[in-house]
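got a predicted model here, sequence first, then my questions.
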Amino acid sequence: MGKNIKMGKNNYVDKNKISRTRKILYLVFVLFLLQIVQFAFAAPSLKASLSKYEPYPAAPGDTVKVWLLVQNVASNDNTDTAKNVVVELIPSFPFSVYNDQEIKTIPLLGAKKDYLIDFNLKVDEKAVQGYTDFKVRVKDSNSNVQVEETISLFIQSRDTTIAIDSVKIVPESIAPGSSGKIYIIVKNIASNSFTDLSLKLNLQSVIGGTIIDLPFAPIGSSTEKRIYRLGSGQTAEFSYDIVVYPNAESKIYKIPFVLEYYDTLGTKRNKSDVIGITVSSVPELSAILDRTDINSDRLSGTVSLKIINKGLGDIKFLNAILQNNESYEILSESNVNYIGNLESDDYQTIDYKISVMKGVDRIVLPLKLEYRDATNKYYETTINIPLQIVESKKINKVNGKGTSIMIFIVIILILVAAWIFYKRTRKNKKGWI
């Protein structure tokens, strides 16, 4: 077989030369592919992640400093260096860049190296509670390698609570056996809403490890009330109808209560507090003339006055003051009598020496009473006590009639005793015979 091939007119091509040319072209192509692969794998590999932020957690309206960790995770120290790395912040609501640049540059970032870069962000006042995202884009200017990461910050209002706005008791003081109403008004002072609000009164108290029932009972409903939702800045009212036990002691009682609710993250929160309820009735004192030895013939003498506590509660620091009058003169060393405590359904008698003016047949004794109830509330009242100046003849007539009756009774008793003695003596004499 011949090794030359005829091509055209008098032109021959050597087969060996063609084979060598093909091999050279193939080798060049392989080397070119290797360069491409090497270039591809030699390019920097960039990542960005959140390092930290302050303050934590961020709150609506805060200025937050965010530190981002930019990394070149490539492995080739010689060829994988990133140059002029551009870090671009892409904020979205509720974040915005605050007194800072959105784009910052890292001149060089070698393989297996990292760089900490910071940005200042502003959190909008209307930001909701929870994790909120923004984007950050990292790009190597030389290799056009670009990545985009999502960064999350936790936002929580610092006033994540509900405040007890006010408490109202109607009436202000409830008498034993009477009913009243409790109004508790709460306010959401946080920037987010709360749900499933529950406020429960605890009509028991723990004293020395012993559970004691408070003298109150609910009327028409339970001691727990609920509200589904309470928005930011809104107020809500919980109301309770109660009755006080008839035998309740007059004083101020503390009623514990617990408010429970859930925030927007589903976290259960609670607040415990107490309200004060005054159990006390309006004091009811009366004063009357108990006795006197003053009459038309004896214008100077003693008047005994009886002060009676007819109310449901005890009286403290009771002070009685007999005031001056044109009809009489006070002869006692002091016109003040300090009584002190006077229990309910009890009385106290006080004495004054006075001298009645001549020609007066009827006088009025103005007795001023100063005192405090069981809750230390101050009261004062003046009671006018009438005193009739009785004629001595009428007194003697009454006294004489009484004396005659007594003498008559004594005589009868003496006669009966004598008759019995006579009968027994006579019987004894007959027995001797």
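Arrived safely.

neighbours of residue 390, how many?
15 (other Cβ atoms under 10 Å). All C-beta spots, glycine's among them, are computed from the backbone N, C-alpha and C.

that one against residue 297, yeah?
No: assessed by Cβ atoms under 8 Å, residue 390 is found out of contact with residue 297, at 9.9 Å.

show me where the protein has its helices.
Counting by DSSP state H, one finds helices in the chain at the ranges 15-42, 392-432.

does the most centrally placed residue in the chain have any beta-bridge partners, and if so which?
Note on the chain: the residue nearest the mean C-alpha position is residue 273, at 4.0 Å, using Cα atoms, centre = their mean. Residue 273 has these beta-bridge partners by DSSP bridges: residue 257.

I figured it hits residue 202, correct?
No: Residue 273 lies out of contact with residue 202 (Cβ under 8 Å); the separation is 10.9 Å.

what do those two both touch?
256, 257 (Cβ atoms under 8 Å, 6 or more residues apart in numbering).

check the helices of the chain for me: which has the lowest mean pLDDT.
Mean pLDDT is lowest for helix 15-42 out of the helices of the chain, coming in at a mean of 59.

could you give the number of residues near residue 386?
By other Cβ under 10 Å, the burial measure for residue 386, its neighbour count, is 10.

give me the beta-bridge partners of it?
Bridge pairing for residue 386 - DSSP bridges - gives residue 364.

right, and it touches residue 367 too?
No: applying Cβ under 8 Å as the test, residue 386 and residue 367 come out as separate, 11.4 Å apart.

residue 227 contacts residue 236, correct?
Yes: assessed by Cβ under 8 Å, residue 227 is found in contact with residue 236 at 5.0 Å.

identify the contacts common to the two.
Common neighbours of residue 227 and residue 236 (Cβ under 8 Å, 6+ apart) are residue 197.

give the contact list for the residue nearest to the centre of the chain.
Residue 273 neighbours (Cβ under 8 Å, 6+ apart): 164, 256, 257, 259.

equivalent analysis for residue 316, please.
Neighbours of residue 316 in contact, by Cβ under 8 Å, 6+ apart: 340, 341, 371, 372, 373, 374, 376.

nearest to residue 318, of those residues?
Nearest to residue 318 among these: residue 371, at 4.3 Å, using Cβ to Cβ.

residue 104 versus the closest one, what's the distance?
79 Å (Cβ to Cβ, to the nearest Å).

between these two, who's got more neighbours?
Higher neighbour count among residue 371 and residue 104: residue 371, with 23 against 16, using other Cβ under 10 Å.

if I look at the more buried one, how far off is residue 242?
Relative to residue 242, and taking Cβ to Cβ, residue 371 is found at 28 Å.

just checking, residue 108 touches residue 81?
Yes: taking contacts as Cβ under 8 Å, residue 108 lies within contact range of residue 81: 6.2 Å.

counting neighbours, go ahead and name the busier of those two.
Set side by side, residue 108 and residue 81 show more neighbours around residue 81, with 19 against 12, by other Cβ under 10 Å.

enumerate every residue touching the more buried one.
Counted by Cβ under 8 Å, 6+ apart, residue 81 has contacts 44, 72, 108, 109, 110, 111.

same question, residue 222
Contacts of residue 222 (Cβ under 8 Å, 6+ apart): none.

got a pLDDT number for it?
87.

equivalent analysis for residue 217, please.
The model's pLDDT for residue 217 equals 94.

now it: how far from residue 172?
Relative to residue 172, and taking Cβ to Cβ, residue 217 is found at 20 Å.

what about the two, which has more around it?
Per other Cβ under 10 Å, whichever of residue 217 and residue 172 has more neighbours is residue 217, with 14 against 10.

which residues are in contact with the more buried one?
Listed by Cβ under 8 Å, 6+ apart, the contact partners of residue 217 are 203, 242, 243, 245.

out of those residues, which end up buried?
203, 242, 243 (16 or more other Cβ atoms under 10 Å).

partner residues bridging the last one?
When bridges are taken as DSSP bridges, the partners of residue 243 come out as residue 179, residue 217.

and residue 152, what's its pLDDT?
Taking residue 152 on its own, its pLDDT is 93.

how far away is it from residue 135?
Residue 152 is 11 Å from residue 135, by Cβ to Cβ.

can you tell me how far residue 415 is from residue 277?
71 Å.

who's more crowded, these two?
residue 277 (22 against 10).

ok, for the more buried one, nearest residue in space, not its chain neighbours?
residue 253 (5.1 Å; Cβ to Cβ, 6 or more residues apart in numbering).

what do you get for residue 343?
residue 314 is the one closest to residue 343 (Cβ to Cβ, 6+ apart), at 5.0 Å.

with residue 91 instead?
Nearest non-adjacent residue to residue 91 (Cβ to Cβ, 6+ apart): residue 134, at 4.9 Å.

may I have the beta-bridge partners of that neighbour?
With DSSP bridges as the rule, residue 134 is bridged to residue 151.

surely it meets residue 151?
Yes: counting by Cβ under 8 Å, residue 151 is a contact partner of residue 134 at 5.6 Å.

which positions within stretch 63-73 qualify as buried?
Of all the residues in stretch 63-73, those buried under the rule 16+ other Cβ under 10 Å are 64, 66, 68, 70, 71, 72.

hmm, I typed the wrong one, I wanted stretch 241-253.
Buried positions in stretch 241-253, judged by neighbour count with 16+ other Cβ under 10 Å: 242, 243, 244, 248, 250, 251, 253.

go on, stretch 114-123?
115, 117, 119, 121, 122, 123.

give me the contacts around that stretch.
51, 58-72, 85, 87, 89, 91, 94-100, 104, 106, 109, 134, 153, 155.

next one: it to chain centre, how far?
Stretch 114-123 sits 41 Å away from the centroid of its parent chain (Cα atoms, centre = their mean, to the nearest Å).

average pLDDT across it?
93.

quick check: beta-bridge partners of the closest residue to residue 286 other than its chain neighbours?
Spatial nearest neighbour of residue 286, excluding adjacent residues (Cβ to Cβ, 6+ apart): residue 308 at 4.9 Å. With DSSP bridges as the criterion, residue 308 is bridged to residue 286, residue 347.
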